[in-house]
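Trainee: Sequence plus the predicted model coming up.
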Amino acid sequence: MTHSLRNRLVLALCILVTVVGVVQGISSFRLSEEGMRALLDLRLEQVANRMRNGYIEALPAFPSRGSQPPRDIVVTIWKGDADAPYRSTDPALRLPRDAPSGFVTNLVGGEPWRIYTLRETSLVIQVAQRSSVRHELAEEQALNTLWPIAILVPLVCFAVVVVVDRSFDRLTRLGAEVQSIDAGNLQSLPTAGVPLELLPFIDSINRMIRRLARSIEVERKFISDAAHELRTPLTALQLQADNLQRDIAPGNQERFQELRKGIARSGGLISQLLRLARADASLEAGALERVDVSTVVVDAVAEVLPIAAARSIDIGAEEMTSAYVQAIKADVGVALRNLVSNAIRYTPDGGKIDLSLQVRDDLVWVEVTDTGPGIAEDLLPRVFDRFFRANFDIEGSGLGLSIVKAIANKYGGTTTLRNRNDGQTGIVASISFRQAHDYAPVRALDAAHS
């Protein structure tokens, strides 16, 4: 199972922020409750002190019953040894006169009250408040402290997501650059702006890229040198075979022709290896030219027309659009000739091959569609591998599509190969090149069939 480092980091930080917020909220709630209770106690004490300082007579001697709101405090004044209070804001409520000085919580009238008692020589002042009211007031005040935290935690989580995403942007770009690395693009990854923690990782990748580049360059040089070295003796062998043909006894002619075909196949393989070496070679910007792809398509078709005519294969263009690319014309020609030659090789006699040239998403696409037997779906991912052949009954070197892919990669294009899905058997082979923009407006060409 694949885990996302970004998601795990965001989740961990959000959980941490939430836990800290919850702990802070609980602490703030408790502290606020305690602070509110202390403030309410201070209020009771202050009222008692004011009563002692001359405000006793301000209390009504005979207050009306039910005139005091239930949330308000109750003040009771006792004088001498009288059994009844001297003054009281609620005569129906009998506070315990014998309560100790200071604060105490007692049950009065069946409910808990917070009572502050102040004792003088012949005077007892009691100030009380319902515990339920105190709890309600403390809770309301404490809840008010939770709103900032309740708003702040989601905002911090959102900030965590933004910060993590921005931090991972560089990794995402590096990932895209790593994905673009292949045999045609072996540029080292940039280290500018890379976090220090990632530098060792990037350096190791760059060292690997350099080793891979050296290895591929050695392979390319070997293929090129070997092909050059082998071409000369094979050409000499072909000439010698041609010179010997008239001296071969009639009974040995068949075997001699097989020998000549073998020499020719070897020569063709050497030529393909040379083309592959050239396709893999580094691109020199000075060698690029403005190439009319439609002209190259016409040339590729003209080259195979005799073979197509001999096998009654109908080859032509369904859609042709004038399009230009910045490339080496010989490379474009090799790629298109290989696609068309492949289609000729796999299309049965009397079949049909259609070519199309289109411009889509700033890319010039050439598609070659044949009516051959197609390729098994499980073999399609391997068709661009070097020396891979899907059908050993048909002669070939297994390098043609590898050359096409190497040329496409060289110019930043792509290659695809898929079975037809229009009810017919066959293959749709495509290659794309980046479009050049410094030419006249696009014009449509008439489709021509031979």
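Mentor: Received the coordinates, thanks.
Trainee: Show me the helices in the stretch 201-350 of the chain, by range?
Mentor: 253-280, 293-310, 329-346 (DSSP state H, counting those that start in this stretch).
Trainee: could the ones you listed be laid out in TSV, adding mean pLDDT and mean neighbour count?
Mentor: Every C-beta, even on glycine, is put in place using the N, C-alpha and C of the backbone. Below are the helices of the stretch 201-350 of the chain laid out as TSV (pLDDT from 0 to 100; neighbours: other Cβ atoms under 10 Å):
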stretch	mean pLDDT	mean neighbour count
helix 253-280	69	16
helix 293-310	87	17
helix 329-346	86	22
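Trainee: Which helix or which strand is home to the closest residue to L363 other than its chain neighbours?
Mentor: Counting by Cβ to Cβ, 6 or more residues apart in numbering, the nearest residue to L363 once its immediate chain neighbours are dropped is S432, at 4.4 Å. Using DSSP states H and E, S432 falls within strand 427-434.
Trainee: Tell me how far that strand lies from the chain's centre.
Mentor: Centroid displacement of strand 427-434 relative to its chain, using Cα atoms, centre = their mean, to the nearest Å, is 27 Å.
Trainee: now the angle from it to helix 329-346?
Mentor: Using axes from the mean of the first three to the mean of the last three Cα atoms, to 10 degrees, the inter-axis angle of strand 427-434 relative to helix 329-346 is 170 degrees.
Trainee: re earlier: make JSON lines out of the helices of the stretch 201-350 of the chain and add distance to R130.
Mentor: Compiled in JSON lines, the helices of the stretch 201-350 of the chain are given as follows (distance: least, Cβ to Cβ, whole Å):
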{"stretch": "helix 253-280", "distance to R130": "91"}
{"stretch": "helix 293-310", "distance to R130": "93"}
{"stretch": "helix 329-346", "distance to R130": "93"}
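Trainee: Minimum distance to L40: which of the ones you listed has it?
Mentor: helix 253-280 (86.5 Å; Cβ to Cβ).
Trainee: What lies in contact with the helix or strand hosting R134?
Mentor: For R134, the element it lies in under DSSP H and E is helix 131-144. If you take Cβ atoms under 8 Å, 6 or more residues apart in numbering as the criterion, helix 131-144 is touched by 28-30, 32-33, 35-37, 40, 70-71, 105, 111-114.
Trainee: Let me know the closest of those to I149.
Mentor: Using Cβ to Cβ, the contacts of helix 131-144 come closest to I149 at S28, 6.9 Å.
Trainee: Mind checking what secondary structure the closest one has?
Mentor: Following DSSP: H, G, I helix; E, B strand; the rest coil, we place S28 in the helix state.
Trainee: From what I see, it and I149 are in contact.
Mentor: Yes: assessed by Cβ atoms under 8 Å, S28 is found in contact with I149 at 6.9 Å.
Trainee: quick one on the thing from earlier: for the contacts of helix 131-144, which one is nearest L171?
Mentor: Each of those was checked against L171 using Cβ to Cβ; the closest is S28, at 37.7 Å.
Trainee: Tell me who's in contact with the closest one.
Mentor: S28 neighbours (Cβ under 8 Å, 6+ apart): A142, T145, L146, I149.
Trainee: can you redo the residues you listed as CSV with distance to T415?
Mentor: As requested, those are exported to CSV (distance: Cβ to Cβ, whole Å):
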residue, distance to T415
A142, 69
T145, 66
L146, 62
I149, 58
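Trainee: and of those, the nearest to Y86?
Mentor: A142 (37.5 Å).
Trainee: hey, what's the residue nearest to L363 bridged with?
Mentor: Beta-bridge pairing of S432 under DSSP bridges involves W365.
Trainee: Drop anything exposed from the contacts of helix 131-144.
Mentor: S28, F29, S32, E33, M36, R37, L40, W113, R114 (16 or more other Cβ atoms under 10 Å).
Trainee: Could you measure from the first one over to A150?
Mentor: Counting by Cβ to Cβ, to the nearest Å, the gap between S28 and A150 amounts to 11 Å.
Trainee: Then S294?
Mentor: Distance from S294 to A150, by Cβ to Cβ: 67 Å.
Trainee: Show me the domain layout of the chain.
Mentor: Following the assignment in automatic domain parsing, the chain carries domains at 5-144, 196-279, 285-445.
Trainee: Can I get the ones you listed in a markdown table including distance to S167?
Mentor: Listed next are the domains of the chain as a markdown table, based on distance: least, Cβ to Cβ, whole Å:
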| stretch | distance to S167 |
| --- | --- |
| domain 5-144 | 9 |
| domain 196-279 | 11 |
| domain 285-445 | 30 |
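Trainee: any idea which of the ones you listed scores lowest on pLDDT?
Mentor: Of all the domains of the chain, the minimum mean pLDDT falls on domain 196-279 (a mean of 73).
Trainee: What pLDDT is listed against the residue nearest the centre of the chain?
Mentor: The centroid of the chain falls nearest to T172 when counting by Cα atoms, centre = their mean (6.7 Å). T172 is assigned 78 on the pLDDT scale.
Trainee: Can you classify it by secondary structure?
Mentor: Once three-state DSSP is applied, T172 turns out helix.
Trainee: do you know how far it is from V178?
Mentor: 11 Å.
Trainee: same question, L339
Mentor: Remark: distance between L339 and V178 (Cβ to Cβ) = 30 Å.
Trainee: a strand runs through L107, doesn't it?
Mentor: Yes: L107 sits within a strand when classified using three-state DSSP.
Trainee: Once you drop chain neighbours, what's closest to it?
Mentor: Excluding the flanking residues, the one nearest L107 by Cβ to Cβ, 6+ apart is W113, at 7.5 Å.
Trainee: Contact partners for that neighbour?
Mentor: Going by Cβ under 8 Å, 6+ apart, W113 touches V74, L95, T105, N106, L107, A128, Q129, R130, S131.
Trainee: Neighbours of the residue nearest to L363, how many?
Mentor: 23 (other Cβ atoms under 10 Å).
Trainee: Surely it touches Y411?
Mentor: No: S432 is not in contact with Y411 according to Cβ under 8 Å; the separation is 9.0 Å.
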